[in-house]
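# build me a model from this:
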Amino acid sequence: MPTIPGLFESAVAGSPTKEWLYFEDSIWTYEQAYERISAVAYALDQLGAGRDRRVLATARNTPDYLFTWLAAVHLGATIVAVNPASSPDELGGLIDQVRPHVVVSDAGLGDAVRDRSPDARLVLAEDLAKAPAARMAPAARPDDVAVMIPTSGTTGRSKLVMQTQRAYAMAGVGFPFWMGLDESDRLMTSLPLFHINAPAYSMLGSVAARAGLILLPRFSGSGFLDSARRYGATEFNAIGAMIEILMRQPERDDDADNPLRLCYTGPSPPKERHLAIERRFGIEIVCGYALSETPYALIWRKGTRPFETLGSLRQHPTMGEINHGRVVEDGREVGVGGVGELELKNPAVMLGYYGMPEETDRVLSDGWLRTGDVVTVNDDGTFTFVGRRKELIRRRGENLSPVEVEAALEAHPDVEEAAVIGVPSELSEEEVKAFVVLKADANVSLGELRDFAAERLAPFKVPRYLETVEELPHTPTGRIAKHELPTDRSDRESDFEPARAGGEQS
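Alright, predicted model coming up:
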């Protein structure tokens, strides 16, 4: 079973002079990158990192932090890559949880880190980048905890997902197989290094395929296609609103005149929108679904186009059928047409949440991971997303998915973006509240928006409350941060009588 350093060593042995990493005006071959990784690993080792030790890094999208990430796992240490935009309190809370042996930061964050982590060795990423050449043999083992990914928690503490060398190496080998990538490709990512997508799929996927990797400092809708042209990118990964931001850029005659051929994203947009995106940019979109707790989840099988689904179970190119899934409701597995919570079991499922045994026990049982996502089982082996279990709204005896209501509102030409949540009802259960961002030239009232949604939704799904906002809060990966949306009343909110159908009572 490969490790992350093992993947890289294989690439170096087979393609030492192949150009791998592109960042701004700099290029590293596989051999040159490995020399940097080894030098940084030696420097980290001298600072006290090593097997079973933890390295926390405020991971900006730069080669300095990318080499730090790879150097830490080279040693068999655990890398905890955190959002550099975290507030001092958030950063301090993570440091208190992780108790890192080494902290890698930069001049802009050094003081805040030093104040909250007096016991850890602090080193600046720019100084690590200057580490003299040194040979450091990899010490990683497949079962080592390679990565701890901070995710949102419900107790005021982050849930730190513990993932092994095995899980990330398997994801790296799997990604080019699922996407049809080879050494002729160049994968471009602007997704953050503190998430799972960029390291597991783009970075390690490029290594497994002996392909190139283009690292962008950040996502720019106006400059994205120019970056693809500049570096010769053939594939990119998108999360959240990235593709919609691209679609909302002024249309140009040469939008499809670019080297891109593939995009990986999720969830799947509506079929008509999906095809419109492909036509405009001259690409093929492959949709999938994964989560920090396992990079082995669902994807469209090669050669299939199951629009508006999450795809089928991902499998390994050489190990065969290693990923198993089931959909469970009320303790029983449902069949085709049934709706329930998706559960997964594979060798890439997380070990658990660091220091949180109760939270771990709630989602892991006999190797099965409860994803918290509700899906429909389709007869072709695919699954369709319904919504997050914790986000489903219970209204007048019915469960409804905010995703469906958001899609109905966003179909209106004056709506830029929508978010739907459940709010307390004076009658019991919940009412549906929608937040909408209108386009700059919008000329629609909230009453007209509600009527528009009512034409597309069952009465119990139609929002009772609508509120216009300048913008919606987003996570660093582009998802709407619904926990930040207010549930109280606002003077910008309209209250409508609950919709009725037949003899339904409100």
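
# who's in contact with Val104?
Going by CB atoms under 8 Å, 6 or more residues apart in numbering, Val104 touches Val55, Leu56, Ala57, Thr58, Tyr65, Thr68, Val123, Leu124, Ala125, Leu128. C-beta coordinates here come from the backbone N, C-alpha and C atoms, glycine included.

# kindly report the same for Asn443.
Asn443 makes contact with Asp414, according to CB under 8 Å, 6+ apart.

# just to be sure, it is in a helix?
No. Counting by DSSP: H, G, I helix; E, B strand; the rest coil, Asn443 falls outside a helix, being coil.

# related to what we said a few turns ago, closest to Asp25 out of the contacts of Val104?
Nearest to Asp25 among the contacts of Val104: Tyr65, at 18.0 Å, using CB to CB.

# so that closest one touches Ala125, yeah?
Yes. The criterion here is CB atoms under 8 Å, and Tyr65 meets it with Ala125 at 5.7 Å.

# kindly reformat the contacts of Val104 as CSV and extend each row with distance to Ser494.
Output for those, formatted as CSV (distance: CB to CB, whole Å):
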residue, distance to Ser494
Val55, 51
Leu56, 46
Ala57, 46
Thr58, 42
Tyr65, 46
Thr68, 50
Val123, 54
Leu124, 52
Ala125, 49
Leu128, 54
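
# on that earlier part again, quickly list what's touching both of Tyr65 and Ala125.
Joint contacts of Tyr65 and Ala125 (CB under 8 Å, 6+ apart) are Ala57, Val104.

# what is the residue lying closest to Thr487 once chain neighbours are set aside paired to in the beta sheet?
Nearest non-adjacent residue to Thr487, counting by CB to CB, 6 or more residues apart in numbering: Val423, 4.6 Å away. Taking DSSP bridges as the rule, Val423 bridges to Glu431.

# from Arg186, how far off is Val423?
Val423 sits 46 Å away from Arg186, going by CB to CB, to the nearest Å.

# quick one: which of these two has more around it?
The residue with more neighbours, out of Val423 and Arg186, is Arg186; 22 against 16, by other CB atoms under 10 Å.

# ok, that one touching Arg229?
No. Using CB under 8 Å, Arg186 is not in contact with Arg229, being 11.6 Å away.

# any shared contact partners between the two?
By CB under 8 Å, 6+ apart, Arg186 and Arg229 have these common neighbours: Pro259.

# do you know the pLDDT at the residue nearest to Thr487?
Turning to Val423, the model gives it a pLDDT of 90.

# please renumber so the chain begins at 7
Taking 7 as the first residue, the last one we looked at is Val429.

# how about it, what does it touch?
Contacts of Val429 were listed using CB under 8 Å, 6+ apart, and they are Glu436, Glu437, Val438, Lys439, Tyr471, Thr493.

# distance to Asp112 and pLDDT for these - can I get that in TSV?
Compiled in TSV, the contacts of Val429 are given as follows (distance: CB to CB, whole Å; pLDDT from 0 to 100):
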residue	distance to Asp112	pLDDT
Glu436	44	86
Glu437	46	90
Val438	44	93
Lys439	40	94
Tyr471	44	94
Thr493	38	83
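
# any idea how far the residue lying closest to Trp306 once chain neighbours are set aside is from Ile486?
Leaving aside its sequence neighbours, Trp306 sits nearest to Gly317 (CB to CB, 6+ apart; 4.3 Å). The spacing between Gly317 and Ile486, counted by CB to CB, is 22 Å.

# again with Ile328
According to CB to CB, Ile328 and Ile486 sit 33 Å apart.

# which SS class is Ala318?
Ala isn't right for residue 318; it's Ser. Three-state call for Ser318 (three-state DSSP): strand.

# next one, pLDDT for it please.
In this model, Ser318 carries a pLDDT of 98.

# my read: it touches Leu304, true?
Yes. Assessed by CB under 8 Å, Ser318 is found in contact with Leu304 at 6.2 Å.

# what do these two both touch?
Here Ser318 and Leu304 have Thr388, Phe389 as joint contacts, going by CB under 8 Å, 6+ apart.

# show me which of those two is the more surrounded one.
Taking neighbours as other CB under 10 Å, Ser318 and Leu304 compare with Leu304 leading, 27 against 20.

# who's in contact with the more buried one?
With CB under 8 Å, 6+ apart as the criterion, the residues that contact Leu304 are Gly294, Tyr295, Ala296, Leu316, Gly317, Ser318, Leu319, Arg320, Gly331, Thr388, Phe389.

# Ser212 versus the nearest residue to the first one once chain neighbours are set aside, what's the distance?
Closest residue to Gly294 apart from its sequence neighbours, by CB to CB, 6+ apart: Ile305 at 3.6 Å. Taking CB to CB as the criterion, Ile305 is separated from Ser212 by 17 Å.

# which one of these two has more residues nearby?
Neighbours per residue, other CB under 10 Å: of Ile305 and Ser212, the larger number sits with Ser212, 28 against 25.

# not counting sequence-adjacent ones, nearest residue to the more buried one?
Ser212 sits nearest to Leu219 (CB to CB, 6+ apart), 4.1 Å away.

# any idea which element that neighbour lies in?
strand 218-221 (DSSP states H and E).

# just the helices in the stretch 157-306 of the chain please.
Using DSSP state H, counting those that start in this stretch, the helices of the stretch 157-306 of the chain run over 171-185, 203, 210-215, 230-237, 248-253, 277-287.

# weakest of these by average pLDDT?
Among the helices of the stretch 157-306 of the chain, helix 248-253 scores lowest, at a mean of 90.

# which of the residues in that one are buried?
Residues Met248, Ile249, Glu250, Ile251, Leu252, Met253 are the ones in helix 248-253 that count as buried (16 or more other CB atoms under 10 Å).

# by contact count, what packs against that helix?
Under the contact criterion of 3 or more CB pairs under 8 Å, 6 or more residues apart in numbering; DSSP states H and E, helix 248-253 touches strand 268-271, helix 277-287.

# centre of the chain to that helix, how far?
Helix 248-253 has its C-alpha centroid displaced from the chain centroid by 16 Å (CA atoms, centre = their mean, to the nearest Å).

# biggest helix in the chain, by residue count?
Counting by DSSP state H, the longest helix found in the chain is helix 36-53.
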